[in-house]
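Enquirer: model the structure of this input:
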Amino acid sequence: MQPNPRRILIGAIGAIAAAGALAGGAAASAATPRSSSAKRGDVLTIGTSISNGSLDPAKANPGTDPIFLNPIYAPLIRYGTNGQLEGVLASSWRYVGSGYKKFQITLRPDVEFSNGTGVDAAAVAASIEHYYKVGATAGQWMANCHGVTALSKLVVQIKCTQPDPDLPATLTDEELGGDIVAPSALAHPSSIATKPVGAGEYTLDAAATVAGSTYTYVANPRYFDQAAIHWKKLVVKVFTTPSTGLEALESGQIQWYLAADPNTLQAAASASGVQLSTAPLLFEGVELADRSTQGGNPLGKLKVRQALEYAVDRPAIVKALFGKFGSPTDEVAIPSQPSAWDPSVNNYYPYDPTKAKALLAEAGYPNGFTISVEDQESDAELTQAVVGYWKSIGVQTNVTTDSTTPGWINNVLSKKFPAIGYGYGGLPMYLEAVNWFEPVANIYNPFATDEPSILDTLKHAESVPAAQQNAVFEQAQAIGVKQAWYVGVALVDAGIIHSNSVEVPKPTGGYIFNIDDIAPAS
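Expert: Next up is the predicted model:
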């Protein structure tokens, strides 16, 4: 299953801590930070305007589906409310030897799946194999790490042919590799989407679930940490429009709502009786995808790409489209992702149409040129704003806007569109590089172009100690900006809106939310 190109890894569900911090994880804390002595509530009803892709972690969208999967699956590793990694099924993890090629996970003993079978190393290894074999995105992320074996009843080992310093991130519930599916479900893989079996705090009540509309979960009596379960029942409702979700919250139909629409966030900010927490969790812009230097391609010239950068007034676009719930950016990263976020290049291309025209002339295009641009409806306003600025310096565009994700993907991969409107959430740079920088055709690099200096930098990151990786990954991000691979425009906020009847951890560091952490107000 291809990822949703707008919401892939939207930070509200997948904001990631620094890759360097992940790589050195020799041990993990237990799940005890989530335990609570508070009385269990009856029913928690939450809302989202993001529909579910699949209840199979291998086929789910890491950007949007954890909200539906978190209750079912106990992950190996998760981001705790303090923003740091902590173990759930894993009691510890570590890289063995040098070079980030061998990774071992020690499991918590005496844990059961919801059907009563034990969670052991063989079951975990089988689930990880399912994840990378079935999932398109997962297959890319674990392309070099297919050697998964059970060394003993409680120790799993993953061997990689190439260094992978971000396996701890891949094996969280945010990137879905850590969501462990029971062997009984893996034996009938087509059933996982409707009859999932995990070791999480809840089990799916299939009789009370309507796919795409309402998902009902009941407390799992076999969950190893019963004090961590805050509710007898949990219901997730999908709203077709963001405003109806906020209305449901204000009327008391739901107690918690995830919103990524600036108009809804603005309304929530002025609403009474609700609380709002926001964080920048998505970056949007237009990628200059065809960077080949063959056949007189204008985007193959650095000065042309830089001209298109300087032509865009990012602050004006952000103010018009997102108000206070957005901020200008030149990067393909988010601030809560320090492994790639480089403040020194975040305003590398200030608005300067005069300079943009001069660069076009120097590149041999004093009268501009015409290119085709592909986007989809969810990104159309931002793309139209960008190409409007390009028109002012003489660059004409033919924009194709798709109404469906499959249509967008097909057009992008057709290599007929040199520029592509995008929306993307944060990943550690080592994982993000698979999409943006590696010379392998995908929806974020359809022409499979590369920049040797970026690849050399990423290669260097594989060999340095964990404490030094952040700085190296920032260098890769900076090169991408300076080479004008993408006209980054906006960091866009998502928000958690909730009533006073529940307690919700505040976003901090790598943690944004996990619905299992929502508790009755004390």
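
Enquirer: okay, CA-based contacts and neighbour counts for the rest of this
Expert: Noted.

Enquirer: could you give me the buried positions within stretch 415-433?
Expert: 415, 417-433 (16 or more other CA atoms under 10 Å).

Enquirer: can you spell out which helices and strands pack onto the helix or strand where Asn263 lies?
Expert: Using DSSP states H and E, Asn263 sits in helix 262-270. Where contact means 3 or more CA pairs under 8 Å, 6 or more residues apart in numbering; DSSP states H and E, helix 262-270 is packed against helix 242-250, strand 274-288, helix 314-322, strand 486-499.

Enquirer: among those, which is nearest Ala121?
Expert: strand 274-288 (34.2 Å; CA to CA).

Enquirer: packing partners of the closest one?
Expert: Judged by 3+ CA pairs under 8 Å, 6+ apart, the packing partners of strand 274-288 are helix 11-14, helix 262-270, helix 380-391, strand 419-424, strand 486-499.

Enquirer: give the contact list for Pro242.
Expert: Thr48, Ser49, Ala259, Asp261, Thr264 (CA atoms under 8 Å, 6 or more residues apart in numbering).

Enquirer: quick check: Ala126 vs Leu151, distance?
Expert: According to CA to CA, to the nearest Å, Ala126 and Leu151 sit 13 Å apart.

Enquirer: and the two? Which one has more around it.
Expert: A count of neighbours by other CA atoms under 10 Å puts Ala126 above the other of Ala126 and Leu151, at 18 against 14.

Enquirer: what's the closest non-adjacent residue to the more buried one?
Expert: Pro183 (7.4 Å; CA to CA, 6 or more residues apart in numbering).

Enquirer: try Thr161
Expert: Per CA to CA, 6+ apart, closest to Thr161 is Asn144, 5.3 Å.

Enquirer: neighbours of the one you found, how many?
Expert: Going by other CA under 10 Å, the residues that sit close to Asn144 add up to 15.

Enquirer: which SS class is it?
Expert: Secondary structure for Asn144, judged by DSSP: H, G, I helix; E, B strand; the rest coil, is coil.

Enquirer: tell me the pLDDT at it?
Expert: On the pLDDT scale, Asn144 is placed at 86.

Enquirer: right, and it touches Cys160 too?
Expert: Yes. Look at Asn144 against Cys160 with CA atoms under 8 Å: they come within range, at 5.2 Å.

Enquirer: and the strands in the stretch 1-150 of the chain, which stretches?
Expert: 41-48, 77-79, 85-87, 90-95, 102-107, 147-150 (DSSP state E, counting those that start in this stretch).

Enquirer: which residues are contacting the fifth one?
Expert: Contact with strand 102-107 is made by 89-96, 120-121, 154-160, 167, as judged by CA under 8 Å, 6+ apart.

Enquirer: buried members of these into PyMOL, please.
Expert: Only the buried entries of the contacts of strand 102-107 go into this PyMOL selection, using 16+ other CA under 10 Å:
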select buried, resi 89+90+91+92+93+94+95+120+121+154+155+156+157+158+159+160+167
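
Enquirer: quick check: mean pLDDT across stretch 278-290?
Expert: 90.

Enquirer: ok so, going back, contacting residues for the residue nearest to Ala126?
Expert: Per CA under 8 Å, 6+ apart, neighbours of Pro183: Ala123, Ala126, Ser127.

Enquirer: repeat that with 10 Å
Expert: Residues near Pro183 by CA atoms under 10 Å, 6 or more residues apart in numbering: Phe113, Thr117, Gly118, Val119, Ala122, Ala123, Val124, Ala126, Ser127, Pro189, Val197, Gly198.

Enquirer: by neighbours, which of those wins?
Expert: In terms of neighbour count, Gly198 stands highest of these at 31 neighbours, by other CA under 10 Å.

Enquirer: picking up where we left off before, and the helices and strands packed on helix 262-270: which comes nearest Asp402?
Expert: Of all the helices and strands packed on helix 262-270, strand 274-288 comes closest under CA to CA, at 15.0 Å.

Enquirer: list the buried ones in that closest one?
Expert: Buried, per 16+ other CA under 10 Å, within strand 274-288: 274-288.

Enquirer: now do stretch 178-189
Expert: Gly178, Asp179, Ile180, Val181, Ala182, Pro183, Ser184, Ala185, Leu186, Pro189.

Enquirer: what's the pLDDT at the last one?
Expert: In the predicted model, Pro189 carries a pLDDT score of 94.

Enquirer: from Leu302, how far off is it?
Expert: For Pro189, the distance to Leu302 - CA to CA - is 48 Å.

Enquirer: and what of Ile317?
Expert: Distance, Ile317 to Leu302, by CA to CA: 24 Å.

Enquirer: before we move on, what about Pro505?
Expert: For Pro505, the distance to Leu302 - CA to CA - is 45 Å.

Enquirer: mind listing what Gly394 touches?
Expert: Shown in contact with Gly394 (CA under 10 Å, 6+ apart): Lys357, Leu360, Tyr365, Pro366, Asn367, Gly368, Phe369, Thr370.

Enquirer: what's the spacing between it and Val312?
Expert: Per CA to CA, Gly394 is found 13 Å from Val312.

Enquirer: ok, back up a step: which residues do Asn144 and Cys160 both contact?
Expert: Shared contacts of Asn144 and Cys160, counting by CA under 10 Å, 6+ apart, come down to Lys101.

Enquirer: point out where the stretch 201-350 of the chain drops to low pLDDT.
Expert: 337-339 (pLDDT under 70).

Enquirer: rerun at 50
Expert: Within the stretch 201-350 of the chain, no stretch has pLDDT under 50.

Enquirer: repeat that for the stretch 351-500 of the chain.
Expert: For the stretch 351-500 of the chain (pLDDT under 50), the answer is none.

Enquirer: how about the strands in it?
Expert: 370-376, 396-402, 419-424, 486-499.

Enquirer: and of those, who's closest to Arg78?
Expert: Checking the strands of the stretch 351-500 of the chain against Arg78 by CA to CA gives strand 486-499 as the closest, at 19.1 Å.

Enquirer: partner strands of the closest one, parallel or antiparallel?
Expert: Note on strand 486-499: by DSSP bridges, its sheet partners are strand 256-259 (antiparallel), strand 274-288 (antiparallel), strand 326-328 (antiparallel).

Enquirer: what is the burial count for Ala521?
Expert: The local packing of Ala521 (other CA under 10 Å) involves 12 other residues.

Enquirer: give the contact list for the closest residue to it other than its chain neighbours.
Expert: Of all residues not flanking Ala521 in the chain, Val502 sits nearest, at 4.4 Å (CA to CA, 6+ apart). Counting by CA under 10 Å, 6+ apart, Val502 touches Gly41, Leu44, Gln255, Trp256, Ile518, Ala519, Pro520, Ala521, Ser522.

Enquirer: residues in contact with the third one?
Expert: Yep, that's Gln255 we're talking about. So Gln255 contacts 43-47, 246, 248-249, 274, 497-502, 518, 520 (CA under 10 Å, 6+ apart).

Enquirer: re the thing from before, out of the helices and strands packed on strand 274-288, indicate the one that is most buried.
Expert: helix 11-14 (a mean of 30; mean count of other CA atoms under 10 Å).

Enquirer: same question for that helix, mean pLDDT?
Expert: Averaging pLDDT residue by residue across helix 11-14 gives 34.

Enquirer: before we move on, the earlier item: ok, so of the buried residues of stretch 178-189, who is nearest Ile479?
Expert: So of those, ranked by how close each gets to Ile479 (CA to CA), first place is Gly178, at 31.7 Å.

Enquirer: quick one: pLDDT of the closest one?
Expert: For Gly178, pLDDT reads 94.

Enquirer: just to revisit the earlier point, could the helices and strands packed on strand 274-288 be laid out in a markdown table, adding distance to Phe68?
Expert: Compiled in a markdown table, the helices and strands packed on strand 274-288 are given as follows (distance: least, CA to CA, whole Å):
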| stretch | distance to Phe68 |
| --- | --- |
| helix 11-14 | 11 |
| helix 262-270 | 22 |
| helix 380-391 | 28 |
| strand 419-424 | 20 |
| strand 486-499 | 16 |
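
Enquirer: looking at these, which is nearest to Ile72?
Expert: Of the helices and strands packed on strand 274-288, nearest to Ile72 by CA to CA is helix 11-14, at 15.6 Å.
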